[in-house]
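J.: generate coordinates for the sequence data below:
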Amino acid sequence: MHATTLCPILNLSLMAKQSDPERLKKIYQMLFEMATGNTAFRIKDNGNDELKSITVELNEIAQELQTIIATLGYVNPYYSYQNLIQLIFVLDENFILVGFNDRVPLKLKYKSDTILSSDFGKLIAKQSKEIWKAVEEEVIGDLTYHSTLQLIFITGDNHLMPAFCTVSRLLYHDKIIVSSVSTILDDLLDTSEHLSYSKVRKQSEAIVVQQLHDYILSNLSEPLPSLHHLSKMFVTEEHILKNGFRAYFKTSVYNFYHEERLKRAHTMILQTTEPLKLIAFTNGFKSYLNFYKAFKKRFGYSPSDLSRPEQESEI
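T.: Model (predicted):
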């Protein structure tokens, strides 16, 4: 990636005050999509400013990545992600550390007995002292306190460790919980797997499998054509699509399509106020009943069981 591209991307937060938040959101979305392996994602922007130039460069970079991956003969996996709790601290009402999980001494490089019963603030680096002091003041006066922020810890060997943390009070208890969460990408493939050890042996076959993968992600709202029809669309043989897709993505073409649209529906339910029937239709289900059955089978609960954003009342 060009250095000239990185600098404006890193300065996006500085431009946010003067730019359209929705356009900025699309840029962050594309960065996330690229990080998870989706190089088919593109931004359409009709602006004529610095954000426009960044979207153009990002689109060009994504296209270059697609070309390079295809030239090397690899099929680019679309990684899923998960949030993992790494560190858990239990504090009393005076912010004294009274408990923690086994990851704390390992990650922060302290002996357990040296930090137990100590002031939690001593683990906070000077760069975050003021932030933590403000948190302490707010927690004291709020019995239902809950906030997410970045703290910088100082390790036992005097290094800095930034971590996004959630600070919250326990209900009906005087204890305070500080937990850090990190986002990781799940490996879908054995990293040692290469085209020469796969059923997809030719560069042209790798390219067509990648194209099918990207096509599915871009058309989740539409019914998935049959393998026979897909093979005509991509001018190849059915067995190449079927066997090649399974070799790289460890699942069938249809199961991948089915899983991805359910995952997208799940996200839409959590993040939007769209009616459930519309979400089902948007994600390619012909009837809400079919969506309901598939959703409950996949997640173990019904769509209506999820907590949803409150609709803004009309003024």
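
J.: state the distance from residue 32 to residue 25.
T.: To residue 25, residue 32 is 11 Å away according to CB to CB, to the nearest Å. C-beta here means a position set from N, CA and C on the backbone, and glycine is covered the same way.

J.: and the closest residue to residue 121 other than its chain neighbours, what helix or strand is that in?
T.: The shortest distance from residue 121 to any non-neighbouring residue, by CB to CB, 6 or more residues apart in numbering, is to residue 132 (5.8 Å). Assigned by DSSP states H and E, residue 132 falls within helix 129-140.

J.: next, the buried residues of that helix.
T.: The neighbour-count check on helix 129-140 (16 or more other CB atoms under 10 Å) flags 132, 135-136, 139 as buried.

J.: go on, stretch 292-302?
T.: For stretch 292-302, using 16+ other CB under 10 Å, the buried residues are 292, 294-295.

J.: break this structure down into its structural domains.
T.: 3-72, 81-185, 195-250, 257-305 (automatic domain parsing).

J.: doesn't residue 90 belong to a strand?
T.: Yes. Judged by DSSP: H, G, I helix; E, B strand; the rest coil, residue 90 forms part of a strand.

J.: list the contacts for the nearest residue to it once chain neighbours are set aside?
T.: Nearest residue to residue 90 in three dimensions, chain neighbours excluded: residue 99, at 3.7 Å (CB to CB, 6+ apart). Counting by CB atoms under 8 Å, 6 or more residues apart in numbering, residue 99 makes contact with 89-90, 116.

J.: doesn't residue 99 belong to a helix?
T.: No. Secondary structure of residue 99 (three-state DSSP): strand, not part of a helix.

J.: which parts of whichever strand or helix holds residue 104 are buried?
T.: Assigned by DSSP H and E, residue 104 falls within helix 103-108. Neighbour counts over helix 103-108 (16+ other CB under 10 Å) mark 104-105, 107-108 as buried.

J.: show me the shaky parts of the chain.
T.: By pLDDT under 70, the low-scoring segments of the chain are 1-20, 36, 69-85, 182-204, 310-315.

J.: ok, now with 50
T.: In the predicted model of the chain, residues 1, 3-4, 6, 9-10, 12-18, 187-200, 312-315 satisfy pLDDT under 50.

J.: excluding its backbone neighbours, what's nearest residue 274?
T.: Closest to residue 274 by CB to CB, 6+ apart is residue 268, at 6.3 Å.

J.: hmm, that neighbour is touching residue 279, no?
T.: Yes. Counting by CB atoms under 8 Å, residue 268 does reach residue 279; the two are 4.9 Å apart.

J.: mind listing the strands for this structure?
T.: Secondary structure of the chain (DSSP state E): strands at 81-91, 97-100, 146-154, 160-169, 176-185.

J.: so how far is the third one from its chain's centroid?
T.: Remark: strand 146-154 is offset 20 Å from the chain centroid, using CA atoms, centre = their mean, to the nearest Å.

J.: neighbouring contacts of that strand?
T.: 108, 123-128, 131-132, 135, 138, 160-169, 180.

J.: so how far is residue 92 from residue 174?
T.: On the measure of CB to CB, residue 174 and residue 92 end up 7 Å apart.

J.: ok, now residue 294?
T.: For residue 294 relative to residue 92 (CB to CB), the value is 47 Å.

J.: what's the answer for residue 228, then?
T.: For residue 228, the distance to residue 92 - CB to CB - is 66 Å.

J.: more neighbours: which of the two?
T.: Neighbours were tallied for residue 228 and for residue 92 using other CB atoms under 10 Å; the higher tally belongs to residue 92 (14 against 10).

J.: could you report the neighbour count for the closest residue to that one other than its chain neighbours?
T.: The spatial neighbour of residue 92 that comes closest, neighbours along the chain excluded (CB to CB, 6+ apart), is residue 98 at 5.2 Å. Residue 98 has 14 neighbours, counted by other CB under 10 Å.

J.: could you double-check that residue 210 sits in contact with residue 66?
T.: Yes. Counting by CB under 8 Å, residue 210 does reach residue 66; the two are 7.5 Å apart.

J.: who's in contact with the closest residue to residue 87 other than its chain neighbours?
T.: In this structure, residue 87 finds its nearest non-sequential neighbour in residue 180, 4.3 Å apart by CB to CB, 6+ apart. By CB under 8 Å, 6+ apart, residue 180 lies in contact with 85-87, 151, 163-166.
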